[in-house]
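Participant: coordinates for the following, if possible.
(2 chains)
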Protein chains: 2
Amino acid sequence: MEILRRIPETRVLVGPEDLEPYRRDESHVAGSAPLAVVQPRSRAALRELVRVAAAEGWGLVPRGAGTGKAGGCVPTPGTVVVDLSAWPREMVLSRTDLTLRASASASLREVKAAAAKGGLFYPPDPNSWESCAFGGTLATNAGGPNACKYGMTRHWVLAVEALMADGEVHAFGIGSVKSNTGPSLAQLLVGSEGIFGIILGATVRLLPAPTDFLTLLLPAQSWTDLLDVPERLFASGLLPSAFEFFDPAVLEDLRRHGPEEARRLPGEALAVLEFDDRGCTAEPFLAALTELLGPIAQGLQLATDARQREAIWSVRRKTSAHLKERYPKKVSEDIVVPRSRIRDFFEGLGRLEIPAVTYGHLGDGNLHTNLLAAGETDPQALEGQLMDLFRLCLSLGGGLSGEHGIGLAKRDAFLRLSDPYQVEALRGIKRALDPKGIFNPGKVI
Amino acid sequence: MEILRRIPETRVLVGPEDLEPYRRDESHVAGSAPLAVVQPRSRAALRELVRVAAAEGWGLVPRGAGTGKAGGCVPTPGTVVVDLSAWPREMVLSRTDLTLRASASASLREVKAAAAKGGLFYPPDPNSWESCAFGGTLATNAGGPNACKYGMTRHWVLAVEALMADGEVHAFGIGSVKSNTGPSLAQLLVGSEGIFGIILGATVRLLPAPTDFLTLLLPAQSWTDLLDVPERLFASGLLPSAFEFFDPAVLEDLRRHGPEEARRLPGEALAVLEFDDRGCTAEPFLAALTELLGPIAQGLQLATDARQREAIWSVRRKTSAHLKERYPKKVSEDIVVPRSRIRDFFEGLGRLEIPAVTYGHLGDGNLHTNLLAAGETDPQALEGQLMDLFRLCLSLGGGLSGEHGIGLAKRDAFLRLSDPYQVEALRGIKRALDPKGIFNPGKVI
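Facilitator: Predicted coordinates for the structure are as follows:
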């Protein structure tokens, strides 16, 4: 690793105990120990790093805060982890342009806070938003509850800066909502999980911050009642900024064993609804919503202040970690179906007799189906269950991943279940942009 | 052309007078006469067409309604135009999913009308929206006044169906706002101007239709007063759905020689402002806007009914055709700068002494600068003026095209002024996806 130590402005970690934390992210996937971890601080460092990697035949695995859920930043054999945490942090807000330019090393929390300080709003809100790196959200096209109204990270990215295989940092796109100069390499990089290059920063679009929030608990006496709500709600012209849910099993688990805030959650199944429309806290809005929902609205509980709102969101945000703690070997999925097929999905899941519990995003069909007993299931049987689950989603016009990405965790399934043309097309693009296969080898394709 | 006649379910045009209209779009670029024009009606036809084109070494130039402004559908030598007007029209609206799936052959007017019928809203609104083909808006990532609030076509596209170089039609992406299975080929195709494949349809995301519209004429006593408005407005947290403008020369030309509706337009320079926020027609909204704008608000004229609103928009929409009729040899540009640099742009334009008039989108920095005397200008001098104009935009963090695209019209400038790495990257992707160079040869790169 002497050659790495000669790279300027770069910290190099090689001790086994230093490398150990880099083997994992927040998925169930364990990676190899990397050859080394480097923390570059300048473009000169990156240039040299790419040169060395190419010469030595090493892969470069980009890493932000390691909060990914698909193993995208987990090392494959023969790779060096490029930890961007020491990359210079810059953040430039333009209130006139409604844009924020930030480095990959900023946290999403900082990005959202910088926008909020200017009275503006950056919508993407993955569950890890308080700890994840902005760069990670760009590389994985992060989602979150707000995607239901506002779309994914890619819908807000205007321009991207990235280290490419020539060793240079290139700027793709401009900091304006209008820009139309040929195919968008910025959009190709967002969500590419580091296989074409390493994203070092981006300019994103912002909105004026919403000022009114209506947050509600919507308990259902029966699970199927709850599954009727999306159709009724969305076809009515109401567009919640978030619409989350817990199925009966998850809800019961949270109530019995979850955090304090979860002990008195109502219903057999439960949804969290949030609106941020101007005027949504006024009586007429709630009246219209109540009428629209019909009998199920009887159990509606309003968060009447910021503390109650926070308590509701706290439970939702802690659900993943709670289940992980109770069922350390569970496999958590991130499937997605169009909103209109959610009922069909759960009918299909019942028919498949897969032992699974589900929570997640009712508002956009992104369902975090968890196989809690995965650790005790015969690996081949588990594999079969997952493939059945994926095929069910595909048969309903859905997909393998709504927001986590493919990474290492879903690579095999992705390769097996995708249109072979698409896999070949992506591989062709990979060869064109990264002919030596330096960037994040063994991921996605 | 006998070989084309053997293709099933395809009309073939070869007569010189049949081919003539296909040499142009709505840009100033004249193309070659194509070898033939084909109007395929089935996937079998497309498959055979690709096979024949590959065997004969012909290029395939996709064409919708021919309303493009950059020569993207104008034939280069040795090409066959693929006119999609006979492609089967399908349109499927899902009010629960807030999506519309439509074929490329539908018009954008039909797409917007289908959404509106369901109480929904599809934002993209290029000037040609009443006549352009949906497929054309996808291939060119069309913009329009609403982009200022809602973004471009790509921000609304969820999934794309396209004919690729293997002769098959592939579906990229799913009909859900959440989807994260690797790099997005759908986003790569949107705005690719037909160089990677031919888009045959897409699923787009919709919003509940806005119900309140506040449309205003904002006349300015001085041009520079008007240029102060964007900063004041956007930094305040107000986000108009459109913010258009006419500089003094364009305004005077419209008043003297333009359509009837333009005769009494007020001001030295003029803006059209539109808001579609809930409650924007109520008094408090207007009061806040008036206060915010300061003295310039004295001249505000409200459209108080749909007829007045239509009259305002009618002038704006006719501006391009009006100028084209008066100055048939003018060159119309589509440059863009970040909103915060609009003043700097006009100062720079003054310094360059380029004889130009400008109208367009003050709300997103997309400026349609027109060189009216281009026909009488020495070609080399004109070229120099255009390059100066482009360099000015680039120096301000802007770009060569805000919404029209590169096509044939701006290809040389794009190649000269872009980061060479980006051009090579796009060419590499082109070779990977279209190794025989069948699709829209000679465009963009």
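Participant: going forward, measure contacts and count neighbours with C-alpha atoms only.
Facilitator: Fine.
Participant: so stretch A:54-69, near chain B or not?
Facilitator: No - using CA under 8 Å from any CA of the partner chain, stretch A:54-69 stays clear of chain B, coming no nearer than 12.1 Å.
Participant: run through who's touching that stretch.
Facilitator: A:22, A:24-28, A:53, A:73-75, A:78-85, A:104-105, A:128, A:131-136, A:194, A:198, A:404-405, A:436-441 (CA atoms under 8 Å, 6 or more residues apart in numbering or on different chains).
Participant: recalculate using a threshold of 6 Å.
Facilitator: A:25-27, A:73, A:78-84, A:132-133, A:136, A:404, A:438-440 (CA atoms under 6 Å, 6 or more residues apart in numbering or on different chains).
Participant: before we move on, what about stretch A:378-390?
Facilitator: Here stretch A:378-390 has contacts from A:Leu400, using CA under 6 Å, 6+ apart.
Participant: what does the domain assignment say about chain A?
Facilitator: Annotated domains of chain A cover A:91-208, A:211-319, A:327-405 [automatic domain parsing].
Participant: could I get these as a markdown table with mean pLDDT and mean neighbour count?
Facilitator: Formatted as a markdown table, the domains of chain A follow (pLDDT from 0 to 100; neighbours: other CA atoms under 10 Å in any protein chain shown):
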| stretch | mean pLDDT | mean neighbour count |
| --- | --- | --- |
| domain A:91-208 | 98 | 24 |
| domain A:211-319 | 95 | 18 |
| domain A:327-405 | 96 | 20 |
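Participant: including distance to A:Gly428, could the ones you listed go into TSV?
Facilitator: Formatted as TSV, the domains of chain A follow (distance: least, CA to CA, whole Å):
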stretch	distance to A:Gly428
domain A:91-208	11
domain A:211-319	38
domain A:327-405	20
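Participant: and of those domains, who's closest to A:Val12?
Facilitator: Evaluated over those, closeness to A:Val12 peaks at domain A:91-208, with 17.3 Å, by CA to CA.
Participant: need the residues of chain A near chain B, please.
Facilitator: Within chain A, the positions lying close to chain B (CA under 6 Å from any CA of the partner chain) are A:95-97, A:151, A:155, A:176-183, A:188, A:191-192, A:208, A:231, A:234-235, A:237, A:338-340, A:401-403, A:405-406, A:428-429, A:432.
Participant: ranges for the strands of the stretch 51-200 of chain A?
Facilitator: Per DSSP state E, counting those that start in this stretch, the stretch 51-200 of chain A carries strands over the ranges A:59-63, A:79-83, A:91-94, A:99-103, A:120-121, A:157-163, A:169-172, A:198-205.
Participant: so what's A:Lys178 up against?
Facilitator: With CA under 6 Å, 6+ apart as the criterion, the residues that contact A:Lys178 are B:Gly402.
Participant: one more: A:Ile174?
Facilitator: Counting by CA under 6 Å, 6+ apart, A:Ile174 makes contact with A:Ala159.
Participant: go through the strands of the stretch 51-200 of chain A and name the closest to A:Pro355.
Facilitator: Comparison of the strands of the stretch 51-200 of chain A against A:Pro355 by CA to CA identifies strand A:59-63 as nearest, at 33.4 Å.
Participant: for that closest one, buried residues please.
Facilitator: The neighbour-count check on strand A:59-63 (16 or more other CA atoms under 10 Å in any protein chain shown) flags A:Gly59, A:Leu60, A:Val61, A:Pro62, A:Arg63 as buried.
Participant: tell me what the helix or strand containing A:Leu367 is packed against?
Facilitator: Here A:Leu367 sits within strand A:366-371, counting by DSSP states H and E. Packing partners of strand A:366-371 (3 or more CA pairs under 6 Å, 6 or more residues apart in numbering or on different chains; DSSP states H and E): strand A:331-332, strand A:335-336, strand A:357-361.
Participant: hmm, who's touching the last one?
Facilitator: For strand A:357-361, the external contacting residues (CA under 6 Å, 6+ apart) are A:Glu244, A:Phe245, A:Phe246, A:Asp247, A:Leu367, A:His368, A:Thr369, A:Asn370.
Participant: you'd agree A:Arg109 is up against A:Ala133?
Facilitator: No - A:Arg109 is not in contact with A:Ala133 according to CA atoms under 6 Å; the separation is 8.3 Å.
Participant: and A:Gly194, what does it touch?
Facilitator: A:Gly194 makes contact with A:Asn440 under the criterion CA under 6 Å, 6+ apart.
Participant: mind doing that once more with 10 Å?
Facilitator: Taking CA atoms under 10 Å, 6 or more residues apart in numbering or on different chains, we find A:Gly194 in contact with A:60-63, A:72-73, A:136, A:138-140, A:162-163, A:407, A:439-441, A:443-444, B:183.
Participant: distance of it from A:Arg47?
Facilitator: According to CA to CA, to the nearest Å, A:Gly194 stands 17 Å off from A:Arg47.
Participant: next: A:Thr137.
Facilitator: For A:Thr137, the distance to A:Arg47 - CA to CA - is 24 Å.
Participant: distance check, A:Arg24 against B:Lys178.
Facilitator: 25 Å.
Participant: likewise for A:Asp364?
Facilitator: 7 Å.
Participant: and what of A:Val37?
Facilitator: Distance from A:Val37 to B:Lys178, by CA to CA: 33 Å.
Participant: quick one on the thing from earlier: can you redo the contacts of strand A:357-361 as JSON lines with distance to A:Leu13?
Facilitator: What follows is these, written out as JSON lines (distance: CA to CA, whole Å):
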{"residue": "A:Glu244", "distance to A:Leu13": "41"}
{"residue": "A:Phe245", "distance to A:Leu13": "42"}
{"residue": "A:Phe246", "distance to A:Leu13": "42"}
{"residue": "A:Asp247", "distance to A:Leu13": "44"}
{"residue": "A:Leu367", "distance to A:Leu13": "38"}
{"residue": "A:His368", "distance to A:Leu13": "35"}
{"residue": "A:Thr369", "distance to A:Leu13": "37"}
{"residue": "A:Asn370", "distance to A:Leu13": "35"}
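Participant: can you list the residue ranges for helices in the stretch 301-445 of chain A?
Facilitator: A:306-326, A:342-352, A:379-395, A:411-417, A:420-433 (DSSP state H, counting those that start in this stretch).
Participant: buried ones in the fourth one, by neighbour count?
Facilitator: Read it as helix A:411-417. The neighbour-count check on helix A:411-417 (16+ other CA under 10 Å) flags A:Arg411, A:Ala413, A:Phe414, A:Leu415 as buried.
Participant: if anything else comes up later, I'll come back, but that's it for now.
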